[in-house]
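*Asks:* Dropping a prediction and its sequence here:
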There are 4 protein chains.
Amino acid sequence: MKNKKTVNKLWGTAFKHAPQEQAVLFAAGRDVKGLPPADEVLIPYEITASKAYAHALYEQKIITKTECSKLLVGLKQLNKLYQQGKFTLDPSKEDVHSNVESWLVNKLGMDVAGKIHSGRSRSDQGVVDVLLYMKEANLMMQKEVQLLIKTLTYLAKKNAHVLLPAYTHHQHATVTTWGNMLHSYAEAFKKDLKKLQIWHQLEEISPLGSAAAYGSTYPIDKNKINKHLQLNQVFNNEIQVMTFKGDAETLMVFNLTMLMNHLSSLAQTLIVFSTKEFNFIQISDEYSTGSSIMPQKKNPDPLEVMKAKASMCHGYLMSLLSLTKATFVGYNRDHQWVKYLVMDAIEEVALAPKIMVGVLNTMKVNQEIMASWTQKGFILAQAVMEGLAMEFQLPMRLAKLVIEATVKKCDEKTGFQLSVLNQVLTEYQLMISVSKAQFGSWTDPLLIAQKQMKKKL
Amino acid sequence: MKNKKTVNKLWGTAFKHAPQEQAVLFAAGRDVKGLPPADEVLIPYEITASKAYAHALYEQKIITKTECSKLLVGLKQLNKLYQQGKFTLDPSKEDVHSNVESWLVNKLGMDVAGKIHSGRSRSDQGVVDVLLYMKEANLMMQKEVQLLIKTLTYLAKKNAHVLLPAYTHHQHATVTTWGNMLHSYAEAFKKDLKKLQIWHQLEEISPLGSAAAYGSTYPIDKNKINKHLQLNQVFNNEIQVMTFKGDAETLMVFNLTMLMNHLSSLAQTLIVFSTKEFNFIQISDEYSTGSSIMPQKKNPDPLEVMKAKASMCHGYLMSLLSLTKATFVGYNRDHQWVKYLVMDAIEEVALAPKIMVGVLNTMKVNQEIMASWTQKGFILAQAVMEGLAMEFQLPMRLAKLVIEATVKKCDEKTGFQLSVLNQVLTEYQLMISVSKAQFGSWTDPLLIAQKQMKKKL
Amino acid sequence: MKNKKTVNKLWGTAFKHAPQEQAVLFAAGRDVKGLPPADEVLIPYEITASKAYAHALYEQKIITKTECSKLLVGLKQLNKLYQQGKFTLDPSKEDVHSNVESWLVNKLGMDVAGKIHSGRSRSDQGVVDVLLYMKEANLMMQKEVQLLIKTLTYLAKKNAHVLLPAYTHHQHATVTTWGNMLHSYAEAFKKDLKKLQIWHQLEEISPLGSAAAYGSTYPIDKNKINKHLQLNQVFNNEIQVMTFKGDAETLMVFNLTMLMNHLSSLAQTLIVFSTKEFNFIQISDEYSTGSSIMPQKKNPDPLEVMKAKASMCHGYLMSLLSLTKATFVGYNRDHQWVKYLVMDAIEEVALAPKIMVGVLNTMKVNQEIMASWTQKGFILAQAVMEGLAMEFQLPMRLAKLVIEATVKKCDEKTGFQLSVLNQVLTEYQLMISVSKAQFGSWTDPLLIAQKQMKKKL
Amino acid sequence: MKNKKTVNKLWGTAFKHAPQEQAVLFAAGRDVKGLPPADEVLIPYEITASKAYAHALYEQKIITKTECSKLLVGLKQLNKLYQQGKFTLDPSKEDVHSNVESWLVNKLGMDVAGKIHSGRSRSDQGVVDVLLYMKEANLMMQKEVQLLIKTLTYLAKKNAHVLLPAYTHHQHATVTTWGNMLHSYAEAFKKDLKKLQIWHQLEEISPLGSAAAYGSTYPIDKNKINKHLQLNQVFNNEIQVMTFKGDAETLMVFNLTMLMNHLSSLAQTLIVFSTKEFNFIQISDEYSTGSSIMPQKKNPDPLEVMKAKASMCHGYLMSLLSLTKATFVGYNRDHQWVKYLVMDAIEEVALAPKIMVGVLNTMKVNQEIMASWTQKGFILAQAVMEGLAMEFQLPMRLAKLVIEATVKKCDEKTGFQLSVLNQVLTEYQLMISVSKAQFGSWTDPLLIAQKQMKKKL
């Protein structure tokens, strides 16, 4: 029997739920997935931009209505072929621009197709293709981040009063709630969303008409072209478009980098919380992977991968900055590489928010274990200090010295002892004595946590 | 006599104008200038924030009116001492926060000064100090960039029709004007200015009240504190403030990095234009430095330094991103280092726009040399091609083949020859012949350049 | 009484041991410590290099024996003044080179001191000063890393059989020992040490004689100069020295970066192990710091700072690479900034190994807690699988399926149950039954760990 | 006729020589070329490592001779299929390891193939696959760099006395030769070669036997496995192998980065020298590309692309450093991404040295133009100063003041005038007069250049 057995993945039979397919692919990264030629991805944008350009050429009377119609029909046909997988790039034709124009010339003849490039350069075509691609990707990312914010906000409300030890320096600082922590991440992602939105305002600028950086003598009207592309703005100076090709890409990658840094923080926090020692949460089987050698392993791979992807973005951003430093005026070929960087970055991060949503929605939260820590040791020292100070009008700094002396005399295991506190107060000759009731009211973690949550959600 | 001679700088006596003092210091960098302790720079912001905090404590009745007054008087006195250079930080007290509170306790006694820290942590103090510092620096940078834009715009108008060969790939592409080139940089800096302005909208967020990341049980009102600080917004979640300490710094450094990349491009272009071989411009003696060994040297050091400073920013940004990746929830001490990074970045770039303004205002532009290139070789090939296409309704692509054939047959030194063009047209059996007048109208660089400048300035 | 109280640090009275002074400064970073002008640090190296140069000028008969003696006496005197703190740099003289030559001219007169610069440029002086500084720093770092390796090796031996759960993905993978883990870090640092040593072989190259990148017509002999400097090698091509100024700095910073990345890993591991939840170790009070608001806090700040310093190095390296990209042939002023980058990097990392040694030597290891995890849950699943496979000649892959089925049927809390395993074996029709003795021998963590440690230390 | 015309590339008919195919692809980058899945590239290395492992399992008696033979036959067969393009990865099987083991199990049955993974993990398999890949790539790069050095050395000798103005700060500093400049780059690449060679000594370390970071209880002998792999060394500590997965990749990428920075400098220098204004060299048509809009354009694209590729490496290195910072002990999934970074880097740089060799071998050097600058203006000021100082025993510093005064009085266009020099000498009351013969001997650029070249090649 066993001889017939086949092996697929090298792990998984100990899992109660099959891992989510997208999560497995997310973790598998580029092991089993290649990257297509950049210009293959850009084909639909090239067609869109060429259509707009044909319209504009006609409006400026550079081509006739008939010529325009023929070009539009040709481009439509090409698009159909592409959608059917029947149009692929010929590498000997260098790029998408040559491939498309060449196809048009073959199809429509030089007399018509030979006019599409009037007043246009591969340079401004290249910029507009990537811009249209980025615009779409940026809108897509906004949707993903919105879903993430929604998920976190929902869970924050639901867990608004689920107690959690509060950390600074990885150490117990005071108490808070699971909801408050999730809310803090929602707030971070809201800022990322704003940045993604502002990108359109800053960088969605139509470059068509700038040609190779200096325009042309054809009576091209950049605003008329853009009427058909409906981009946010048009360029003010054609040299700027080319000398600073890369600015829009760089801002986009910066925004994605900030997003990934925030995601990597949430990932790291969840990874630590899901260790056997913390045991605050359990990542679901759907978002775990196993080991080829250790039968029991369930690993938070999708979360670890978030961190890798943040680091990938760091590099992409650095390449963009290094590449665009000290650029000599005008278009330079090195700038072609900014395209790969922004495309690689988008490819790396596109799924990340969705995967995080999946992790959050499926993980198990061990409320009792989390809560159990909120009264151990000296975790409530700040609260006692503040209670003492407020109740007896003590200067906070003095109250802190009192509590520190108390902490020094108490044992970590038994934690705060009211008797020791009162003893210290006596030594300090402060004429103060704390009652059991007072102490109790200061050290109720739920009361402390509730104050934090007030008006928040 | 010569024995009496002293040596100051090791160069300069061949200069007609003494180098501008700030330019020399700009180029000298940190050779003869150290960096002060970060918290020394932050003293005034610490005092400002403490004043606001004292006000707010009083409004929340955490301290009395008298206590508040005493604290304000104390802080005012401290500020005076600082202004007089009489207050310096004691390193054994770790930071500006401890130094200031310690001074207040010594001055006003524990009963009063021991209350200033109620509900406050060094963590939120640290964030607010740097925020106030950044806000001021950011406003200062905006002024500097505005002056740079103004300078470039003025010079662009003045040189709107001064001919310049137009470059792509460092090679002659067509013609443009000196004014158009300067205008392209003005446009780039306008985008930088916008980014600097948006920073306030995204990151000018009062952190006071977040304490060490989890607030306090004192009845602190974050909005009331901010009434006194007048920052743009207040935080929504105290954990976010600390976990993502560094976000505001990172955006600021990113913006400065983009500015410096743009400046480095202008610098590099001017450096190339000021070589003996180009000789398009001469950097003034005021913005040049000399050599210790070569008597004749006048070097564009301030421009070279722009490039170094761009690279410095790349590194500061990378450090910020790497440092804030995968942060465990809450405050972590590693985040203290974001302060040095943003302060180092600001220190590096603060003078850069002003120095560039100086370079631009004092350099000499050799208009004749620039103009002389705008009719050499085949620099006007695009214009001829377009003239041919428009005049005779030729498809642009076909016209390009014709001109390419013409170029191939002509000699670089003699450049375009009308006779060769007409010969090629014949070979192509296009029934077209170009007249001398037509050719002349297509190859007037000024006409081409004027089209570019239309409606621009 | 309390009014008299002064406040120094805002924390610490709960500590049983005073924090180690160097550790506090390490954590305080640049808050209370500025950075001196770069060239102030270089004064002694400038003097050393000038002495060597004076010797060499005499040997080439460019100066007389008397002139040489006078110069050497002058430089010795200057060194004494510097040691006494009586020689500081005049910023108006730009750099250390001008300051020193100027002092010599004042002291010895132009007739003698005016000859010291024969065939020399500030460019090669600048390179040699930084090289001598780097050489010294690199040797110092080697000593520090050696001490760290020694400490880890000693502790690894001492704890060779102290049980520790073994982690992959932050999850329990199998078992290992505390000693094995420490040994793994010792091995990483050994590689860093090798890299530091190789630096001398690759980059300790005397630049003197290259002048401003093209040598001089004086009969300078680069080998004779170096006889006095005793650097590893001399340059082969003077242009290379200047065009690629920055190579030696970049390799040095890269090596330091790798060291800091390794240190940051050890730091992060110790930080996680010192959480209340893990409680594997306790960082000593000497290497902890407290909070200004939370009386109980003891934070592993020095370890967190290791991580920040790793990130600082990332940035310095990035700046170096960006700065030295696409350098035009010959010396360029932007390259002056490489000096600050390497000096900043060394300043940041110099103390890191020593602080780590202190942390390691003083922390408390909770052996029982660590050991307690090595038999919980399914941590020994790999060992059981391998025992099963070896004992019964089962294919490992089949044994894994068996153990995975067993894990699926058992409960995390109770862990492996032999009866369930035997039941699964029956279901698989493998005609195998595991005895209690066999199972016991496979699941003794100490036996597993001992295999790992064999021949290792 | 024209209607039949087809368009392939959008440029090129003005070129006298067809562009070199590899150069066009080099410039086209990833526009028309995708990247394969990483693990597809690793298939042959996986097979090699599995063969070695099967051998070693047999030698340790973990499998029988027959089992070993079957496995080797299976692996050989698989390799054949792969070579024939008949074995591709199934993405649902995650990676190359699962795909290969799965194929073997299908082919040979679980009884035999189920044993290949004994004591092995995908973790150490992953490390060894990439290591074997890197070793091969590193050896290949060494060959390419050796060819580059050989080419530069040959050209340096050939052009040893071809005069070239010598630059610092992009300005004329003195004179040198074309050969000296090329030699300086050869020297830089020699250092890169050394670094590539040292990589094997530092990082060619067999990881097999480390399993998932903690070895196994199988009697695996890491040295015996490596006998079959013939790697330089074997690991000392299995935890180190996994915690610091990425070290070998990082060093390799660092070395490639330094190589690319050096190449980018040569590229930038050649780009500037090939401007119309400099006109020192002409990049051949074979290594140029054209424009889609400007008929005359010949652009040095392959050289510009060198710069982009340097920046790509900067980013890859930064990602590696950021990714491997603060790693928790043991294997972590984020480290999988180091594989993509090193593979992307190698892919980017592999062709760069060869393309540079092509550019160097085919470009035209305009010796007369270069030489013409070596006597213009004040380019020989250093030489005159040194001649004056040596001839008349003047202190170099005084001679410099004299020459600076002379420069100030002369005109850039006419350059140095002996009469003015003598006039200044009189004003300085130095009792010195320079003869025409003396002046002539000091200002012969060839004599100066010859001194530089002495003993060099």
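*Replies:* Now that the structure is in, tell me what you want to look at.
*Asks:* From chain C, how far out is the closest residue in space to A:Ser264 that isn't next to it in sequence?
*Replies:* Of all residues not flanking A:Ser264 in the chain, A:Ala310 sits nearest, at 4.0 Å (CB to CB, 6 or more residues apart in numbering or on different chains). Bear in mind the C-beta positions are built from the backbone N, C-alpha and C, glycine included. A:Ala310 sits 13 Å away from chain C, going by CB to the nearest CB, to the nearest Å.
*Asks:* just A:Thr374 next, same as before
*Replies:* Computed as CB to the nearest CB, the A:Thr374 to chain C distance reads 11 Å.
*Asks:* Please apply the same query to A:Ile116.
*Replies:* Between A:Ile116 and chain C the computed distance is 36 Å (CB to the nearest CB).
*Asks:* what about the residue nearest to A:Ser264, neighbour count?
*Replies:* 33 (other CB atoms under 10 Å in any protein chain shown).
*Asks:* Please tell me I have it right and it contacts A:Leu266.
*Replies:* No - look at A:Ala310 against A:Leu266 with CB atoms under 8 Å: they stay out of range, at 10.9 Å.
*Asks:* C-terminal to the biggest helix by length in chain A, what's the next element?
*Replies:* When chain A is parsed with DSSP state H, its longest helix is helix A:122-158. Proceeding N to C from helix A:122-158, the next assigned helix or strand is strand A:163-168, under DSSP states H and E.
*Asks:* Which strands border the next helix or strand along the chain from that next one, and is each parallel or antiparallel?
*Replies:* Toward the C-terminal end, the helix or strand that comes next after strand A:163-168 (DSSP H and E) is strand A:171-177. Note on strand A:171-177: by DSSP bridges, its sheet partners are strand A:163-168 (antiparallel).
*Asks:* could you give the angle of the strand it pairs with to helix B:122-158?
*Replies:* Here strand A:163-168 runs at an angle of 60 degrees relative to helix B:122-158 (axes from the mean of the first three to the mean of the last three CA atoms, to 10 degrees).
*Asks:* Against which helices or strands is the helix or strand hosting the residue nearest to A:Ser264 packed?
*Replies:* A:Ala310 belongs to helix A:301-323 when assigned by DSSP H and E. In this structure, helix A:301-323 makes packing contacts with helix A:21-28, helix A:247-273, helix A:337-349, helix A:352-362, helix B:301-323, helix C:301-323, helix D:301-323, helix D:337-349, judged by 3 or more CB pairs under 8 Å, 6 or more residues apart in numbering or on different chains; DSSP states H and E.
*Asks:* relative orientation of that helix and helix B:301-323 in degrees?
*Replies:* Using the same axes, to 10 degrees: helix A:301-323 against helix B:301-323 is 180 degrees.
*Asks:* Report the distance from helix A:301-323 to the chain centre.
*Replies:* Offset of helix A:301-323 from its chain centre (CA atoms, centre = their mean, to the nearest Å): 11 Å.
*Asks:* Return it as PDB; C-alpha atoms alone will do.
*Replies:* Output of helix A:301-323 as PDB, limited to C-alpha atoms (Å, rounded to 0.1, in the frame of the first residue of the first chain):
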ATOM      1  CA  ASP A 301       5.000  31.900   7.600                       C
ATOM      2  CA  PRO A 302       2.700  34.400   6.100                       C
ATOM      3  CA  LEU A 303       3.500  36.800   8.900                       C
ATOM      4  CA  GLU A 304       7.300  36.200   8.600                       C
ATOM      5  CA  VAL A 305       6.900  36.900   4.900                       C
ATOM      6  CA  MET A 306       5.400  40.300   5.600                       C
ATOM      7  CA  LYS A 307       8.700  41.300   7.200                       C
ATOM      8  CA  ALA A 308      10.700  40.100   4.200                       C
ATOM      9  CA  LYS A 309       8.500  42.100   1.900                       C
ATOM     10  CA  ALA A 310       9.000  45.200   4.000                       C
ATOM     11  CA  SER A 311      12.700  44.700   3.500                       C
ATOM     12  CA  MET A 312      12.200  44.200  -0.200                       C
ATOM     13  CA  CYS A 313      10.600  47.600  -0.400                       C
ATOM     14  CA  HIS A 314      13.500  49.200   1.500                       C
ATOM     15  CA  GLY A 315      15.700  48.000  -1.300                       C
ATOM     16  CA  TYR A 316      13.500  49.000  -4.100                       C
ATOM     17  CA  LEU A 317      13.200  52.500  -2.600                       C
ATOM     18  CA  MET A 318      16.900  52.800  -2.200                       C
ATOM     19  CA  SER A 319      17.500  51.700  -5.800                       C
ATOM     20  CA  LEU A 320      15.100  54.300  -7.000                       C
ATOM     21  CA  LEU A 321      16.800  57.000  -5.000                       C
ATOM     22  CA  SER A 322      20.300  56.000  -6.000                       C
ATOM     23  CA  LEU A 323      19.300  55.700  -9.600                       C
END
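*Asks:* in stretch A:122-139, what's buried?
*Replies:* Residues of stretch A:122-139 classed as buried under the neighbour-count rule (16 or more other CB atoms under 10 Å in any protein chain shown) are A:122-135, A:137-138.
*Asks:* do stretch A:141-154 as well
*Replies:* Within stretch A:141-154, the residues that qualify as buried are A:Met141, A:Gln142, A:Glu144, A:Val145, A:Leu148, A:Ile149, A:Thr151, A:Leu152, A:Thr153, counting by 16+ other CB under 10 Å.
*Asks:* ok, now which ones touch the closest residue to chain C within the stretch 101-250 of chain A?
*Replies:* Closest to chain C within the stretch 101-250 of chain A is A:His169: 3.8 Å, counting by CB to the nearest CB. Contacts for A:His169 (CB atoms under 8 Å, 6 or more residues apart in numbering or on different chains) come out as B:Gly330, B:Tyr331, B:Asn332, B:Arg333, C:Ile271, C:Lys297, C:Asn299, C:Pro300, C:Asp301, C:Glu304.
*Asks:* how many neighbours does the second one have?
*Replies:* Just to be clear, that refers to B:Tyr331. Neighbours of B:Tyr331 using other CB under 10 Å come to 32.
*Asks:* who in the stretch 351-457 of chain A is up against chain B?
*Replies:* Residues of the stretch 351-457 of chain A lying close to chain B by CB under 8 Å from any CB of the partner chain are A:382-383, A:386-387, A:389-390, A:395-398, A:442, A:448, A:451-452, A:456.
*Asks:* And those, which two are furthest apart?
*Replies:* Using CB to CB, those reach their maximum pairwise distance at A:Leu398 and A:Lys456, which is 31.3 Å.
*Asks:* These two: which has the busier surroundings?
*Replies:* A:Leu398 (23 against 16).
*Asks:* State whether that one is indeed within a strand.
*Replies:* No - counting by DSSP: H, G, I helix; E, B strand; the rest coil, A:Leu398 is not part of a strand but helix.
*Asks:* ok, it touching B:Lys115?
*Replies:* No - counting by CB under 8 Å, A:Leu398 does not reach B:Lys115; the two are 9.0 Å apart.
*Asks:* Whichever strand or helix holds A:His183 vs chain B: in contact?
*Replies:* Assigned by DSSP H and E, A:His183 falls within helix A:178-203. Yes - using CB under 8 Å from any CB, helix A:178-203 reaches chain B at A:180-181, A:183-188, A:191, A:194-195, A:198, A:202.
*Asks:* Any residues of the stretch 301-450 of chain A in contact with chain D? List them.
*Replies:* Counting by CB under 8 Å from any CB, the stretch 301-450 of chain A sits next to chain D at A:301, A:304-305, A:307-312, A:314-320, A:322-323, A:332-337, A:339-341.
*Asks:* so who does the residue most central in space within chain A touch?
*Replies:* For chain A, the residue nearest the mean C-alpha position is A:Leu259 (3.5 Å; CA atoms, centre = their mean). The contact partners of A:Leu259, by CB under 8 Å, 6+ apart, come to A:Met141, A:Val145, A:Phe189, A:Asp192, A:Leu196, A:Val349, A:Ala352, A:Pro353.
*Asks:* Tell me how far it lies from B:Leu317.
*Replies:* Distance of A:Leu259 to B:Leu317, given as CB to CB, to the nearest Å: 16 Å.
*Asks:* cool, and A:Thr362?
*Replies:* Distance of A:Thr362 to B:Leu317, computed by CB to CB: 36 Å.
*Asks:* So for these two, which sits in the more crowded spot?
*Replies:* Neighbour tally, A:Thr362 and B:Leu317, criterion other CB under 10 Å: the higher count belongs to B:Leu317, 29 against 17.
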